[in-house]
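*Asks:* got a predicted structure here, sequence first:
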Amino acid sequence: MELDPAAELADGVERALPGWVERSVRRLATAYSGRVSPEVAAAAQAAGARARAEVGAELRAFLALDVDDQRTNPLAVLRAAVRFPTAVLREAGVPEVARDEFAERTFPGDVYDLTPATWRDIDESLHEPGLVWGAWKAHTVLARRRADGRIDG
């Protein structure tokens, strides 16, 4: 069976994303009020399911593009998922957190400082598939450039 790095990564993201949404809500709601109400927990669970469906589809569409047509990376696609825990936290009345100037400028909509910097920030299980996909893409691009005579090697 041949490894499909894009499918492995997308499958992993779809498995991990709901838990990340729920953990993000739980962490900040608990920090603010000391607990997570059943209503907030249910809203986080529903938001996680929506994130899996919507961001999963966005990620699969991105990964289906030819590597030469990809103008960003899959982690950037995933960073847009902060909208799901953010909506739950706002509805729950959790105040925005203090962020540094870089975070405010780079991720203006991430008022709870949830934007993942690495795959591990979503879930440890995404580290390897993220690295494998990145290596696969780099290999594919380099092989094409060599075949086109644009680079030596």
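*Replies:* The structure has been received and is ready for your questions. Numbering: from 1, shown residues only.

*Asks:* tally of neighbours for residue 111?
*Replies:* Residue 111: 18 surrounding residues under other C-beta atoms under 10 Å. In this view, the C-beta of every residue, glycine as well, is placed from N, C-alpha and C.

*Asks:* give me phi/psi at the residue lying closest to it once chain neighbours are set aside?
*Replies:* Of all residues not flanking residue 111 in the chain, residue 96 sits nearest, at 4.0 Å (C-beta to C-beta, 6 or more residues apart in numbering). Comment: the main-chain dihedrals of residue 96 come out as phi -60, psi 160, following degrees, to the nearest 10.

*Asks:* again, but for residue 71
*Replies:* Main-chain torsions, residue 71, degrees, to the nearest 10: phi -100, psi 0.

*Asks:* do I have it right that the residue nearest to residue 111 meets residue 109?
*Replies:* No. Residue 96 lies out of contact with residue 109 (C-beta atoms under 8 Å); the separation is 10.9 Å.

*Asks:* overlap in contacts of these two?
*Replies:* Taking C-beta atoms under 8 Å, 6 or more residues apart in numbering as the contact definition, residue 96 and residue 109 share no neighbouring residue.

*Asks:* tell me the mean pLDDT for the helix ranked longest in the chain?
*Replies:* Across the chain, the helix with the greatest residue count (assigned by DSSP state H) is helix 5-33. Averaging pLDDT along helix 5-33 gives 97.

*Asks:* how about stretch 69-81?
*Replies:* In this model, stretch 69-81 has a mean pLDDT of 93.
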